[in-house]
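*Asks:* need a 3D model of the following:
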Amino acid sequence: MSIRHAAFLSFLSFTSLTALGEDFPKIYDTEKGAPMPAAEVAATMELPPGFKCVVFAAEPDVRQPIAMSWDAKGRLWVAENYTFAENPMRWDTKLRDRVIILEDKDGDGKHDGRKVFWEGGSYLTSVEIGYGGVWVLHNGTLSFIADKNGDDSPDGEPEVLLDGFNVKTIGHNIVNGLRWGPDGWLYGRHGITDTSAVGAPGTPLEKRTKLNCAMWRFHPTRKIFEVVVHGGTNSWGHDWNAEGELFMINTVIGHLWHIIPGAYYRRMFGTHLNPHVYEVIEQTADHFHWDTGAETWSDIRKLGVTSKTDSLGGGHAHVGMLIYQGGTWPKEYHGAVLTCNLHGNRINMDKLERQGCGYVGKHAPDFMKAKDKWFRGIDLLTGPDGNVFVSDWSDSGECHDNDGVHRSSGRIYKIVYGEPKKAEPINVAAMKDEKLAKFNEGKNNWWKRMADQQLFERGYQEKGRRTNIAEDAQSKDGLVRLHLASALQRLPLVARWPIATALAKHEEDANDRQQPLMIWYGIEPAVAAEPMKGAELIREAKIPTVRRLVARRIAEMIEEKPEAVDALVALMTERADVREDVLRGLAAGLDGFSSAKKPKGWDEVSKAIEASGSDEFKGIVRNLSVVFGSGRAADELIVLVKNADGDANARLNAFKSLTRTTKPELLAVIRAQVNDKVLGTVSRSALAAYDDPSIPKQLLGSWPVRSEEQQAATVATLTSRASYAKELLEAVKAKKVPATAISPFQARQIRNLGDEALTKLLTEAWGEIRDTPEAKKAEFAKWEGLLQPAALAKADQSKGRMIFMAACSACHKMYGQGGAIGPELTGSDRRNLKYLLENILDPNAVVPADYRVSVFQLQDGRTISGVIPEQTERTLTIQTPAERLVIERTQIVKQNQLTQSLMPEGLLTALGEENVINLIAYLMGEGQVEMPK
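*Replies:* Residues are numbered from 1 along each chain as shown. Coordinates of the predicted model:
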């Protein structure tokens with residue numbers, strides 16, 4: 001191995017030891033004031049008779065407790081988040097987050113043992129224990145920290161299992177909420193403010209799962225990731241009842257939701273990723289905890305908690321959720337839903353009752369109320385003795401936090417009923433299978449959940465619900481029918497038709513909150529694939545919502561499948577009982593269309609409705625006849641586009657109709673929508689068709705920091721014209737837009753505009769682009785010939801990983817391991833051999849400014865070469881292949897930035913053919929592999 005590669009190994013060892021030896025960053029407060037002392041807070045809690053609150057732990061032993069979890073030994077693991085910051089910073093990554101272990105050794109209800117397990121976190125929101133280690137959500141990943149020998153010390157660096165969770169633009173809506181489900185899967189939550197594209201490290205973008213405002217789950221051994229439900233705002237709590245039904249807590253638009261796999265719930269704003277959802281399920285609770293009649297959700301910031309909101313529950317923001325099943329409290333609390341109310345400084349309580357095909361949440365008196373206005377309940381857990389633990393963020397602000405963060409405080413309280421008894425030592429993990437099974441019969445579900453988890457880890461497979469499709473479709477139990485409707489989405493499309501048809505015949509479900517829509521969500525892709533079968537389903541269905549939405553989906557396909565719309569019109573002629581539902585569906589599906597071909601038989605149907613229909617349906621027919629005739633005027637479409645509260649699909653259809661051609665009079669209409677929640681992305685893209693010098697200023701003046709989709713559309717538009725690209729590059733140069741917003745492809749596109757001054761500006765603001773010389777092309781051909789699929793199939797990926805660690809990992813990170821001097825390779829296009837060879841053989845062909853080498857001459861006579869990962873007004877941080885230096889700007893005599901990257905040329909030649917084949921096979925692999933033994 002060459003001297004260069006040996007140096008890389010030495011550098012790797014040095015940086016690893018340095019990281020392990022670094023002191024935990026000193027925390028600081030930006031919030032003024034302080035909370036009441038923890039003991040005083042506990043003593044003054046208002047609780048029902050027989051209950052009391054005690055301090056389990058408080059600062060300095062615990063701070064910023066953002067999440068909690070139990071292990072099988074009965075110890076409480078706490079995720080401490082210090083990187084969360086006030087607006088506009090949002091996150092301070094100079095700080096770090098950590099996981100601690102709190103233990104009550106003598107069983108008196110107060111912690112008397114504390115350990116720091118891991119303190120390498122950033123954006124840490126969650127912790128869960130299982131499978132010989134610790135699971136964390138941090139830095140946009142789901143990672144596993146192994147501790148196979150159980151010594152409460154990590155066996156190594158975290159293993160990244162999933163990446164792509166958005167941390168850059170999503171703010172406090174960040175991914176959170178790890179909790180083992182009764183099915184053995186690991187569940188989590190995701191907020192609304194932006195979209196994440198999630199997958200195992202290295203998964204191409206097109207194969208990643210997109211989600212926002214959703215719940216998701218991950219299987220710990222099969223490594224499967226999937227979205228469970230879509231909708232909500234920013235959930236920070238979920239739990240399962242005794243029957244295994246999942247419920248979620250939420251903010252603003254309703255606090256309690258029954259989680260039905262495959263469901264789409266109301267969103268606070270924006271549209272679902274599936275544009276054909278059309279209608280959504282409303283919340284499970286029949287009440288709100290704030291005065292929705294007189295206040296908007298944000299009024300609480302200005303008005304505080306009004307007397308009416310106080311009587312209703314204290315406010316709209318809910319964090320943490322527990323369905324009590326501990327067996328220790330009085331029977332009236334069994335199955336009660338408890339959730340912390342952020343502004344109300346309390347714990348709300350709801351009672352679940354069966355209703356129709358699901359549940360309804362009924363209001364119950366608030367369970368606990370704090371005198372301390374700094375009480376910010378975050379998480380709720382039942383303990384081994386059946387009492388409840390509550391973590392307190394202890395801050396005077398809220399999730400938007402505009403007034404600072406108080407990092408030095410944090411508490412965990414224990415809510416106890418009756419006189420506490422000293423607990424016996426616990427170690428569920430050491431129990432045999434037969435004993436574990438008996439805990440399923442226990443009164444305290446802490447033991448049952450711990451026992452079930454141990455059985456899962458020992459290979460027990462969750463059996464799932466009994467399913468007999470024929471019986472379930474005819475069941476008199478609405479919950480059974482709901483489960484079957486939910487299961488539709490897991491079946492092949494052809495298998496969905498008979499089940500959906502049978503379920504849609506239950507006329508008693510016509511007004512159910514969730515069942516008609518669950519049937520629709522399950523059958524929608526089948527209707528899109530075979531719309532003629534959709535018309536037959538309408539014929540059989542007894543649920544108006546199903547008939548109407550199937551008709552709407554068919555109507556939207558009028559240009560591709562006109563015969564299916566003809567079938568709908570024929571059905572309206574034949575069946576008067578379905579006519580109104582089909583007509584409403586047609587009207588909704590064609591809302592926003594400027595014109596469409598008239599279906600067969602339309603004149604006969606329209607005459608029949610004009611003769612005997614209501615005024616409402618006569619109006620619908622006349623509007624549709626315009627679409628089927630002369631077409632809608634542009635003014636009508638503009639009204640639809642401008643209606644921010646209108647149907648999202650109708651607005652999108654109208655926008656597409658309007659922008660099929662470029663018309664000067666539409667420019668103002670398009671520009672007015674660039675920040676719209678529904679049309680923001682498409683309007684930014686549409687502006688590329690217009691040459692107006694004020695467009696770049698508008699798009700850059702409202703840089704969409706919360707939406708990566710809008711960012712991408714903005715850059716695509718601004719790289720389409722030389723005048724626009726100049727404005728973009730000036731914004732990048734001025735640090736108003738991050739250089740990373742411009743991809744290498746878009747950089748080449750700017751250069752291809754053929755403007756010499758623009759190309760120079762591109763180099764200054766973004767980086768250097770050079771064409772590959774002929775010698776490089778010949779070298780490329782040589783390696784491309786050697787690295788054929790047959791050769792790569794025989795390669796040793798384990799040896800390839802070793803080579804990567806020696807030659808590449810000092811600068812590049814992959815699967816969560818390595819340096820950050822160069823671009824991360826995990827999510828790159830590394831399965832594309834051409835991409836790999838171009839970047840390895842000619843590393844200086846495309847060099848973003850952040851990775852270019854600078855040469856510094858210092859006053860003390862030293863010359864240093866490296867890249868600049870960080871800089872302030874006073875200092876520069878310089879990363880060399882061997883060290884990371886912070887230099888005062890006043891010490892720099894001369895600075896010269898080169899066009900080269902830090903990556904050396906000639907790397908493959910130095911490695912030799914066999915090593916190259918192994919390395920490339922590893923880089924192009926599907927996932928992480930073990931190092932050679």
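*Asks:* tell me the centre residue of this protein?
*Replies:* For the chain, the residue nearest the mean C-alpha position is His190 (4.0 Å; CA atoms, centre = their mean).
*Asks:* okay, that one: pLDDT?
*Replies:* As predicted, His190 sits at a pLDDT of 97.
*Asks:* Gly534 - that's part of a helix, no?
*Replies:* Yes. If the criterion is DSSP: H, G, I helix; E, B strand; the rest coil, then Gly534 is within a helix.
*Asks:* distance-wise, check the spatially closest residue to it that is not a sequence neighbour relative to Leu493.
*Replies:* Spatially, and ignoring its direct neighbours in sequence, Gly534 is nearest to Val527 (3.9 Å; CB to CB, 6 or more residues apart in numbering). The way it works is simple: take the backbone N, C-alpha and C, and place the C-beta from them, glycine included. Val527 sits 9 Å away from Leu493, going by CB to CB, to the nearest Å.
*Asks:* who's more crowded, the two?
*Replies:* With neighbours defined as other CB atoms under 10 Å, Val527 and Leu493 compare such that Val527 has more, 28 against 16.
*Asks:* show the pLDDT at that one.
*Replies:* With respect to pLDDT, Val527 scores 98.
*Asks:* that one against Ile538, yeah?
*Replies:* No. Val527 is not in contact with Ile538 according to CB atoms under 8 Å; the separation is 9.8 Å.
*Asks:* now the common contact residues for the two.
*Replies:* With contacts taken as CB atoms under 8 Å, 6 or more residues apart in numbering, the residues that reach both Val527 and Ile538 are Val550.
*Asks:* need the single longest strand in the protein, by residues.
*Replies:* Across the chain, the strand with the greatest residue count (assigned by DSSP state E) is strand 358-369.
*Asks:* does anything pack onto it? Which helices or strands?
*Replies:* strand 256-259, strand 336-341, strand 346-355, helix 478-487 (3 or more CB pairs under 8 Å, 6 or more residues apart in numbering; DSSP states H and E).
*Asks:* which parts of that strand are buried?
*Replies:* Gly358, Tyr359, Val360, Gly361, Lys362, His363, Ala364, Asp366, Phe367, Met368, Lys369 (16 or more other CB atoms under 10 Å).
*Asks:* could you do stretch 776-791 as well?
*Replies:* Per 16+ other CB under 10 Å, stretch 776-791 contains these buried residues: Lys776, Glu779, Phe780, Trp783, Leu787, Ala791.
*Asks:* render the CA-only coordinates of it in PDB, please.
*Replies:* What follows is stretch 776-791, C-alpha atoms only, in PDB (Å, rounded to 0.1, in the frame of the first residue of the first chain):
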ATOM      1  CA  LYS A 776      -8.500  10.900 -19.100                       C
ATOM      2  CA  LYS A 777     -10.800   9.500 -21.800                       C
ATOM      3  CA  ALA A 778      -8.400   6.700 -22.600                       C
ATOM      4  CA  GLU A 779      -7.900   5.900 -18.900                       C
ATOM      5  CA  PHE A 780     -11.700   5.900 -18.500                       C
ATOM      6  CA  ALA A 781     -12.000   3.300 -21.400                       C
ATOM      7  CA  LYS A 782      -9.400   1.100 -19.800                       C
ATOM      8  CA  TRP A 783     -11.100   0.900 -16.400                       C
ATOM      9  CA  GLU A 784     -14.500   0.600 -18.000                       C
ATOM     10  CA  GLY A 785     -13.300  -2.500 -19.900                       C
ATOM     11  CA  LEU A 786     -11.900  -4.100 -16.700                       C
ATOM     12  CA  LEU A 787     -14.900  -3.300 -14.500                       C
ATOM     13  CA  GLN A 788     -17.400  -5.400 -16.300                       C
ATOM     14  CA  PRO A 789     -20.400  -7.000 -14.400                       C
ATOM     15  CA  ALA A 790     -18.800 -10.400 -14.500                       C
ATOM     16  CA  ALA A 791     -15.600  -9.100 -12.800                       C
END
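*Asks:* gap between the closest residue to Glu128 other than its chain neighbours and Ser69?
*Replies:* Nearest non-adjacent residue to Glu128, counting by CB to CB, 6+ apart: Leu178, 4.0 Å away. To Ser69, Leu178 is 7 Å away according to CB to CB.
*Asks:* so what sits against both of the two?
*Replies:* Val127, Glu128.
*Asks:* tell me where the stretch 701-850 of the chain has strands.
*Replies:* Counting by DSSP state E, counting those that start in this stretch, the stretch 701-850 of the chain has strands at residues 767-769, 813-814, 817-818, 846-848.
*Asks:* compare those strands and say which comes out lowest on pLDDT.
*Replies:* For these, mean pLDDT drops lowest on strand 846-848, to a mean of 60.
*Asks:* one step back: now the helices and strands packed on strand 358-369 in CSV, with mean pLDDT?
*Replies:* Converted to CSV, the helices and strands packed on strand 358-369 look like this (pLDDT from 0 to 100):
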stretch, mean pLDDT
strand 256-259, 98
strand 336-341, 98
strand 346-355, 98
helix 478-487, 97
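*Asks:* which one, of these, ends up nearest to His318?
*Replies:* Closest to His318 of the helices and strands packed on strand 358-369 is strand 336-341 (CB to CB; 4.7 Å).
*Asks:* can you tell me what sits against the closest one?
*Replies:* By CB under 8 Å, 6+ apart, the list of residues contacting strand 336-341 from outside reads 237, 239, 247, 249, 255-256, 289, 313-315, 317-324, 346-352, 361, 364, 366-367, 376-378, 380, 388, 390.
*Asks:* same question for stretch 470-478.
*Replies:* Stretch 470-478 has contacts (CB under 8 Å, 6+ apart) with 356-358, 480-481, 483-484, 499, 502-503, 509, 512, 515.
*Asks:* buried set for it?
*Replies:* For stretch 470-478, by 16+ other CB under 10 Å, it's Asp472, Ala473, Gly478.
*Asks:* got the end-to-end distance for it?
*Replies:* Stretch 470-478 has an end-to-end distance of 15 Å (CA to CA, to the nearest Å).
*Asks:* so how far is that stretch from its chain's centroid?
*Replies:* The chain centroid and the centroid of stretch 470-478 are separated by 35 Å under CA atoms, centre = their mean, to the nearest Å.
*Asks:* ditto for stretch 135-148
*Replies:* 16 Å.
*Asks:* repeat for stretch 743-757
*Replies:* A distance of 33 Å separates the centroid of the chain from that of stretch 743-757, by CA atoms, centre = their mean.
*Asks:* ditto for stretch 586-599
*Replies:* Distance, centroid of stretch 586-599 to centroid of chain: 35 Å (CA atoms, centre = their mean).
*Asks:* for it, measure first residue to last.
*Replies:* Taking CA to CA, stretch 586-599 runs 11 Å from one end to the other.
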